[in-house]
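> Next one to model:
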Amino acid sequence: MEFENLIVEKLKKVNEEFVTETSDFRGDFTIIVPAEHILKVAEILKNDDELSFDLIEDVTAIDWARRKNRFTVVYHVFSLKNNFRLRIKVNLEGDEVESVASVWAGANWYERETFDMYGIKFLNHPDLRRMYMPEEFQYYPLRKDFPLQGIPGSLPLPEKNEQDEQKY
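Numbering: from 1, shown residues only. Got it, this is the predicted structure:
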């Protein structure tokens, strides 16, 4: 619990508002950061010599559907020096948050994936475009309001080819 306290202490020393809540569940330590502070918090976590969170492992989101703050962006970062994994959550009032790709280059692809699946826009991202879905596709498949079986006719599928079927 010492390292968890050090993380919160260092962040709050810079700005008391950087961490609004913490939780520790089964060894997974989480801090909740206001959206407007995520970039500065990321810079501190990475560049502080004691903390040294030099690896971003994932960026994803949660669609709460009916909550006031519909989306939560979740960052998983790791400190190789301290062998410590940290989860950072950011509750969004809309669907936009500052990109952390300028801090952790590896966030580039994770943010693109989150944009493609949830429609969350990462401001100042170096190349925010879709990864899986076509650019003209106007829906976001992991949003709660997206139908389980998709939207008929929204995405043209390839024609069935008998020769391809015989290969399998």
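> A strand includes K89, no?
Yes - counting by DSSP: H, G, I helix; E, B strand; the rest coil, K89 is found in a strand.
> Which residues are in contact with the nearest residue to it once chain neighbours are set aside?
Of all residues beyond its chain neighbours, the one nearest K89 is I32 (4.9 Å), with distances taken as C-beta to C-beta, 6 or more residues apart in numbering. In this view, the C-beta of every residue, glycine as well, is placed from N, C-alpha and C. With C-beta atoms under 8 Å, 6 or more residues apart in numbering as the criterion, the residues that contact I32 are 19-22, 88-91.
> Including distance to V73, could the residues you listed go into TSV?
As requested, the contacts of I32 are exported to TSV (distance: C-beta to C-beta, whole Å):
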residue	distance to V73
V19	16
T20	14
E21	15
T22	17
I88	9
K89	7
V90	5
N91	8
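> Which stretches in this structure count as helices?
Ranges of helices in the chain, per DSSP state H, are 2-14, 38-47, 107-118, 162-167.
> and the residue positioned nearest the centre of the chain, how far is that from L6?
Taking C-alpha atoms, centre = their mean, the centroid of the chain lies closest to V59, which sits 2.9 Å from it. With the distance defined as C-beta to C-beta, to the nearest Å, V59 ends up 24 Å from L6.
> Equivalent analysis for I62, please.
The value you get for I62 to L6, if C-beta to C-beta is used, is 27 Å.
> residues touching H125, list them.
99, 101, 108, 111-112, 115.
> Nearest to Y140 among those?
Checking those against Y140 by C-beta to C-beta gives F115 as the nearest, at 8.5 Å.
> Touching, that closest one and L128? I think so.
Yes - applying C-beta atoms under 8 Å, one finds F115 in contact with L128, separated by 5.7 Å.
> which neighbours do those two share?
121-122.
> So which of the two has more stuff around it?
F115 (22 against 17; other C-beta atoms under 10 Å).
> distance of the more buried one from L86?
23 Å.
> Any stretches of this protein with poor pLDDT?
1, 149-150, 157-158, 160-168 (pLDDT under 70).
> Could you check what's spatially nearest to D145, not counting adjacent residues?
Closest to D145 by C-beta to C-beta, 6+ apart is A65, at 7.0 Å.
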